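In: one predicted model, sequence on top.
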Amino acid sequence: MGITKLANLIHFDAPESMRRKEIGDYSGKIIALDTSIVVNQFRSALPSHLKLSPLTGLFYRTLTFLEHDIKPVFVLDGRPPNQKRAVLEKRAQSTGWNSLQSSNTGVCSCIRLIDKSAVTCLKWVPGSEHLFLVAHSSGCLYLYNVEHTCGTTPPHYQLLKQGESYAVHTGKSKSAHNPLLRWTAPGEAEALCAHLVKSGTVNAVASEDMDTLAFGGTVLLRQLNAKRDSEVTEYSLPKLLEALQLTYKEFVDLCILLGCDYCDKIGGLGPSRALKLIKQHHTIEGVMEHVNRKTHPIPPNWQYKDARKLFFETPKVDDPVLAWSEPDEEGLVQFLCKERPLKEERVRGRMKKFRESLLKRRKQREVDEKMGQTRQSRLEEFFPATRRRKAVSAAVEASSGRKRSKMK
């Protein structure tokens with residue numbers, strides 16, 4: 001969900017912090033992507049009767065990014081904070097998480113004892129006839145053995161191995177019971193994406209969730225996709241704070257008042273009213289002292305401090321070493337066509353188009369670099385022609401043409 005109605009508030013109260021761009025404007029940039037959002041977009045867009053994997057859409061979109069010389073960094077969710085548990089359970093219930101009960105692996109009966117969140121993937125361990133992995137939207141990964149039984153009570157775990165960005169637990173049971181192992185990784189993808197752009201590791205974050213800004217992400221891109229006519233919206237956090245005349249701490253409190261995934265919100269408080277109250281009183285504590293609690297009831301045992309702390313925390317991860325290489329066509333065919341139902345001619349056809357497009361762009365880049373010493377800058381380079389500008393330009397030209405015809 002992100003931050004409720006934050007995009008609307010920015011549109012009306014801080015439009016100078018937004019810019020309309022096109023995908024080509026990010027050529028040569030490193031972009032962090034919230035992978036769960038991208039995958040869920042494709043999953044929701046695919047008709048259920050087709051039984052296609054969202055990885056198909058991810059394949060096409062990734063190649064489009066590479067064609068535009070965009071270097072994508074896919075960031076995965078770890079284990080979500082406890083504050084998000086209620087939101088995840090509501091989402092799981094609305095999407096029918098127990099639809100896997102028809103599985104004959106015998107695992108679904110014990111999944112409920114482990115985690116009520118949605119099962120996102122079942123995968124056999126390569127080379128094994130008995131071991132398989134179960135991934136949850138909670139960010140946990142479990143290892144099962146079909147020859148072992150499941151316990152009748154929720155399992156208890158003990159730490160087996162731990163690193164900066166992961167932890168592996170094993171069951172405390174004396175006898176072998178499922179699950180055998182549990183992997184967890186800390187934090188939300190939005191928080192890590194925001195950390196990467198703040199540290200300068202990437203140039204921007206591509207996500208549809210506005211809470212990337214609340215986590216301190218300095219540049220957020222929305223609608224960065226593979227559609228030719230798509231217009232990207234770029235948000236700048238420094239310009240947003242300047243336009244709203246807020247400090248970052250005040251902005252985080254504003255986001256909590258608007259509504260986030262980590263706690264409830266004050267009832268009946270709209271964006272304009274919330275912004276006005278934060279400007280007047282600067283903190284949620286100050287707002288609570290002056291708000292009318294009859295018209296704007298405050299949630300009982302409101303955990304806003306935990307949500308605030310979550311937005312301010314820096315993910316405890318090692319700085320990633322990023323590297324990109326040419327796509328492995330044979331590996332893609334093996335995975336998407338042999339292990340998945342995608343047709344091989346489609347994959348190879350798209351790869352051929354990708355190589356041709358990449359070669360054309362590289363040659364054009366070489367020509368531009370050679371002409372760089374004598375080439376005069378054009379006005380369009382300072383003001384890229386987006387769809388909106390093209391439409392305005394076309395309207396002006398049409399209008400000018402009509403006037404000239406009358407003068408004849």
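Out: Okay, I see it.

In: residue boundaries of the helices in the stretch 301-408 of the chain?
Out: Taking DSSP state H, counting those that start in this stretch, the helices of the stretch 301-408 of the chain run over residues 304-312, 329-333, 344-370, 379-382, 387-407.

In: least reliable of the ones you listed by average pLDDT, please.
Out: Ranked by mean pLDDT, the helices of the stretch 301-408 of the chain bottom out at helix 379-382, with a mean of 41.

In: any chance you could read off phi and psi for residue 128?
Out: Main-chain torsions, residue 128, degrees, to the nearest 10: phi -120, psi 140.

In: how many neighbours does it have?
Out: 10 (other C-beta atoms under 10 Å). In this view, the C-beta of every residue, glycine as well, is placed from N, C-alpha and C.

In: look up how far residue 182 lies from it.
Out: Look at residue 128 and residue 182: by C-beta to C-beta, to the nearest Å, they are 18 Å apart.

In: do residue 204 as well
Out: 34 Å.

In: which of these two has more residues huddled nearby?
Out: residue 204 (26 against 22).

In: now the strands for the protein?
Out: 18-21, 30-34, 71-75, 119-124, 131-136, 141-145, 157-162, 167-171, 181-184, 204-206, 219-222, 232-236 (DSSP state E).

In: save the ones you listed as JSON lines, and put in mean pLDDT and distance to residue 259 too.
Out: Below are the strands of the chain laid out as JSON lines (pLDDT from 0 to 100; distance: least, C-beta to C-beta, whole Å):
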{"stretch": "strand 18-21", "mean pLDDT": "93", "distance to residue 259": "21"}
{"stretch": "strand 30-34", "mean pLDDT": "91", "distance to residue 259": "19"}
{"stretch": "strand 71-75", "mean pLDDT": "89", "distance to residue 259": "24"}
{"stretch": "strand 119-124", "mean pLDDT": "65", "distance to residue 259": "25"}
{"stretch": "strand 131-136", "mean pLDDT": "76", "distance to residue 259": "25"}
{"stretch": "strand 141-145", "mean pLDDT": "81", "distance to residue 259": "30"}
{"stretch": "strand 157-162", "mean pLDDT": "71", "distance to residue 259": "33"}
{"stretch": "strand 167-171", "mean pLDDT": "74", "distance to residue 259": "31"}
{"stretch": "strand 181-184", "mean pLDDT": "70", "distance to residue 259": "27"}
{"stretch": "strand 204-206", "mean pLDDT": "94", "distance to residue 259": "21"}
{"stretch": "strand 219-222", "mean pLDDT": "94", "distance to residue 259": "18"}
{"stretch": "strand 232-236", "mean pLDDT": "94", "distance to residue 259": "18"}
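
In: quick one: which of those is nearest residue 65?
Out: For residue 65, the closest of those is strand 71-75, at 4.9 Å, according to C-beta to C-beta.

In: next, the buried residues of that closest one.
Out: Buried residues in strand 71-75, defined by neighbour count with 16 or more other C-beta atoms under 10 Å: 71, 72, 73, 75.

In: now that strand and strand 30-34, what's the angle there?
Out: Counting by axes from the mean of the first three to the mean of the last three C-alpha atoms, to 10 degrees, strand 71-75 lies at 30 degrees to strand 30-34.
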